[in-house]
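> Pasting the sequence and the predicted model now:
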Amino acid sequence: MPVYDYRCETSGEIFEVRHPMAIKLSTWADLCDVGGFAPGETPPNSPVSRVLTTGGVVSSKALKNQAPPCMSGGGCPGRKECGN
């Protein structure tokens, strides 16, 4: 099931919830129901908006690895570039 981030327009906080793609959340009450959050003092009709995230995209720079990525589409030819 996909994970989405939502921003509460009243509090400015970001919340992460899992729900089917077909579900559309538009209020704090909707988000609390799906995410299992306690509503607290935020008004139930406060609008929420889905935040666009990169969701699992990993940059090679984030890995701090100087080695180039492995070639795809075939086996390693056994050269030193492959670590053999």
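Good, I have the coordinates. Bear in mind the structure is a predicted one, so any value in this text is a computation, not a measurement.
> contacts, neighbours, all on C-alpha from now
Will do.
> Could I get the full set of helices for this structure?
28-35 (DSSP state H).
> Could you tell me how many residues sit around the closest residue in space to Glu16 that isn't next to it in sequence?
Of all residues not flanking Glu16 in the chain, Asp5 sits nearest, at 4.4 Å (CA to CA, 6 or more residues apart in numbering). Neighbour count of Asp5, defined by other CA atoms under 10 Å: 15.
> so who does Asp5 touch?
Ile14, Phe15, Glu16, Val17, Arg50, Val51, Leu52, Thr53 (CA atoms under 8 Å, 6 or more residues apart in numbering).
> If we use 10 Å, what do you get?
Residues in contact with Asp5 (CA atoms under 10 Å, 6 or more residues apart in numbering) are Ile14, Phe15, Glu16, Val17, Arg18, Ser49, Arg50, Val51, Leu52, Thr53, Gly55.
> do the same with Gly12
Tyr6, Val48.
> Do you know the pLDDT at it?
Reported pLDDT at Gly12 in the predicted model: 94.
> Ok, Arg7 next?
Model confidence at Arg7 (pLDDT) stands at 96.
> now do Lys61
With respect to pLDDT, Lys61 has a value of 63.
> cool, Pro69 as well?
Predicted confidence (pLDDT) for Pro69: 60.
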